[in-house]
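Undergrad: the following block contains a protein sequence and its predicted model.
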Amino acid sequence: DCFRAMFTAGFRESSSSEIEIDGCTYDAFLSVMEYVYTGTEPTLADHAGHEGHCSLSKIVDVMELADRFFLDYLKQVCETQLQKKVRHDTAEYLLQIAQKTNAVQLQAICEHFIRNRDSESQRPL
C-alpha cells in the first residue's frame, strides 16, 4: 500500500527515475525488496552471511522498514526473531525498538524480562 501510494498518488517518486530510501541499510532494504517481490521470508543474516551479533541489527533494521512500509507479516516475522534475542544486554534496546515500531508482543516480553531482572537484583542473598 505504501509503495502503491508513493508511485501513483502524485508524489515526486511517481515521476522520478531514481527513488531515494533514506534511513536504512543496504542489507535491510535488499531483504525487504526480496520479501516484496517474492513473498518469501528474507534471510535475516547480514549480506556477508554472518549470523551472530550482526543479525540483531539487521533484524531491527528490517523490522523498522517493515513498519515504515506497512508490511505487517514481515514485521511479525522480525518481531518473533527478536523475541529470541531478549537478554540482559539487549532488553532495553529492544524495548525501545518495540515501542518505536509498535511491536506489542516484543514490548511485553522486554518489559517482563526487565521486571524479572530488576526484582532478582533486589533480592537479598
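TA: Alright, I've got the coordinates. Numbers count the residues shown, from 1 in each chain.
Undergrad: distance from stretch 78-96 to the middle of the chain?
TA: 11 Å (CA atoms, centre = their mean, to the nearest Å).
Undergrad: distance between the ends of it?
TA: 15 Å (CA to CA, to the nearest Å).
Undergrad: averaged pLDDT, that stretch. What do you get?
TA: The pLDDT scores in stretch 78-96 average 96.
Undergrad: got the buried residues for it?
TA: 78-79, 81-83, 85-86, 90-91, 94-95 (16 or more other CB atoms under 10 Å). All C-beta atoms are positioned from the backbone trio N, CA, C, and that covers glycine.
Undergrad: enumerate every residue touching the nearest residue to Glu64 once chain neighbours are set aside.
TA: Counting by CB to CB, 6 or more residues apart in numbering, Glu64 lies nearest to Thr101, which is 6.0 Å off, once chain neighbours are set aside. Applying CB atoms under 8 Å, 6 or more residues apart in numbering to Thr101 gives the contacts 63-64, 67, 75.
Undergrad: how near is Glu111 to Lys85?
TA: Relative to Lys85, Glu111 is positioned 15 Å away (CB to CB, to the nearest Å).
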